[in-house]
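Chemist: coords please:
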Amino acid sequence: MIIFAEQTTIKKQQMKAYIFPGQGAQFSGMGLDLYEKSPLAQEYFEKANNILGFSITDIMFEGTAEQLKETKVTQPAIFLHSVILAKVLGDSFQPEMVAGHSLGELSALVANGVLSFEDGLQLVSKRALAMQKACEIAPSTMAAVLGLDDNVVEETCAEIDGVVVAANYNCPGQLVISGEIEAVKKACEVLTDKGARRALLLPVGGAFHSPMMEPAREELAAAIEATEFSEPTCAVYQNVVAKAVTNPDEIKENLIAQLTAPVKWTQCVQAMIADGGTEFIEVGPGKVLQGLMRKIDRRVAASGVVID
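Modeler: Numbering: from 1, shown residues only. Got it, this is the predicted structure:
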C-alpha cells in the first residue's frame with residue numbers, strides 16, 4: 001500500500017519589531033512636538049524632570065548641540081524621547097519583538113514591560129554618570145571603520161599593543177572600535193593600510209563597550225541588581241547575546257555585561273529576521289537604525305513612528 005504524505009506549506013510568521021536608538025541620535029528640539037501635542041507626554045516629561053532633579057526638557061527643547069552632547073543629558077534625553085513616544089502610541093503599540101542599540105536596550109526594556117518608566121530612567125541616569133566617571137579615569141576614544149570584513153578588524157585589534165576592541169557591529173562593513181587613544185589611532189593606521197575605506201576617530205567622550213568601562217560596569221551592576229525586572233510582554237534581542245531573551249534574570253545579566261561588551265547590532269537584527277521579524281519600526285529621535293536596517297537586509301520594511 002502506498003501512503004501519500006500530505007503536503008503542508010508552513011507559512012513563516014510575520015512579526016512586528018520595534019527598535020530603539022542609542023547615543024548619537026540626539027538633536028536640539030527633540031521631543032518638543034510630543035510635549036506640545038500630547039498631555040500624556042507632558043505628564044511623563046514633567047515626571048522625568050522631578051526624577052532627574054533638573055529640567056531636562058529645557059535642554060532637550062532649547063539646548064545647544066554642545067549641551068545635548070553631555071553624556072548625563074544625552075542618554076536620558078534619548079531614552080525619554082523613545083519611551084514617551086511608545087507611551088503616546090497607546091494601544092497601537094503592540095510589539096512582538098524589541099531591541100535597542102546600546103542605551104536603546106533600556107528603552108526597549110521599558111517598552112516590553114520589564115522595567116517601569118521610573119526605574120528605567122533611574123538606571124539610564126546612573127548609567128550615564130557611571131560612564132562619564134569611567135571616561136575621566138583614563139583618556140580613551142572610539143573610531144568608525146568602514147569597508148572591511150569584521151574578522152579583519154577583530155584580528156587587527158588583537159595584534160595592537162594596548163586596549164582596542166571591536167565595540168559596535170552596526171551593519172556589514174561598518175564597525176566601531178573602542179579603547180585607549182593611542183591604541184585606537186594605531187589600529188586606524190593599520191586598518192587603512194589593510195584597505196579600510198575610512199577609519200576615523202569619533203567625537204565621543206570615551207571608550208564605550210570596551211574593558212575601559214569596567215568601573216562603570218561594576219557601579220551599574222549594583223543598581224541593576226537592586227532593580228525589579230518583570231516578565232516581558234515579548235522577547236528582547238539583547239546586544240550581548242544577539243538572540244531572543246525572556247527570562248528576567250538573564251536579561252539582568254546581559255544588561256550588566258553590556259557596558260564592557262560589544263553591541264552586536266547586525267547579529268541582533270539578523271536573529272530577529274530569522275525569527276520572523278518582517279516590519280521594523282524605529283521609536284525615538286532620528287533615523288539612524290532605519291539606515292542601518294537597509295544595509296543589513298533590504299528585504300524587510302523599516303520605518304519610523306509618525307505622531308499625528
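Chemist: low-confidence ranges, this protein, go.
Modeler: Applying pLDDT under 70 to the chain flags the ranges 1-12.
Chemist: tell me the centre residue of it?
Modeler: In the chain, the residue lying closest to the centroid (C-alpha atoms, centre = their mean) is His101, at 1.7 Å.
Chemist: that residue against Pro262, yeah?
Modeler: No. Judged on C-beta atoms under 8 Å, His101 makes no contact with Pro262 at a distance of 11.8 Å. All C-beta atoms are positioned from the backbone trio N, CA, C, and that covers glycine.
Chemist: any common contacting residues for those two?
Modeler: 168, 239 (C-beta atoms under 8 Å, 6 or more residues apart in numbering).
Chemist: distance of the residue nearest to the centre of the chain from Lys252?
Modeler: 19 Å (C-beta to C-beta, to the nearest Å).
Chemist: just the residues contacting the lengthiest helix in the chain, thanks.
Modeler: The longest helix of the chain (DSSP state H) is helix 117-137. Contacting residues not belonging to helix 117-137 are listed as 44, 47-48, 51-52, 71-76, 79-80, 83, 87, 103, 106-107, 109-110, 115, 205-208, 212-216, 219-220, 223-224, 227-228, 259 [C-beta under 8 Å, 6+ apart].
Chemist: what helices or strands is the helix or strand that it is followed by leaning on?
Modeler: Next in sequence after helix 117-137, counting helices and strands by DSSP states H and E, comes strand 140-146. In terms of contacts (3 or more C-beta pairs under 8 Å, 6 or more residues apart in numbering; DSSP states H and E), strand 140-146 is packed against strand 174-180, helix 181-193, strand 198-201.
Chemist: go through strand 140-146 and flag the buried ones.
Modeler: Across strand 140-146, burial judged by 16 or more other C-beta atoms under 10 Å covers 140-145.
Chemist: now the angle from the longest helix of the chain to strand 140-146?
Modeler: Angle, helix 117-137 to strand 140-146, by axes from the mean of the first three to the mean of the last three C-alpha atoms, to 10 degrees: 100 degrees.
Chemist: next one: helix 117-137 to chain centre, how far?
Modeler: 14 Å (C-alpha atoms, centre = their mean, to the nearest Å).
Chemist: and that helix, C-alpha only, in CSV?
Modeler: Taking C-alpha atoms only, helix 117-137 is exported to CSV below (Å, rounded to 0.1, in the frame of the first residue of the first chain):
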residue,chain,number,x,y,z
PHE,A,117,9.3,54.1,33.4
GLU,A,118,10.7,55.4,36.7
ASP,A,119,13.2,52.5,37.2
GLY,A,120,14.3,52.7,33.6
LEU,A,121,15.0,56.4,33.8
GLN,A,122,16.9,56.0,37.1
LEU,A,123,19.1,53.3,35.6
VAL,A,124,19.7,55.4,32.4
SER,A,125,20.8,58.3,34.6
LYS,A,126,23.1,56.1,36.8
ARG,A,127,24.5,54.5,33.6
ALA,A,128,25.3,57.9,32.1
LEU,A,129,27.0,59.2,35.3
ALA,A,130,29.0,56.0,35.8
MET,A,131,30.2,56.0,32.1
GLN,A,132,31.1,59.7,32.4
LYS,A,133,33.2,58.9,35.6
ALA,A,134,34.9,56.0,33.8
CYS,A,135,35.8,58.3,30.9
GLU,A,136,37.6,60.6,33.3
ILE,A,137,39.8,57.9,34.8
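Chemist: so what's the residue count around Glu250?
Modeler: By other C-beta atoms under 10 Å, the residues close to Glu250 number 14.
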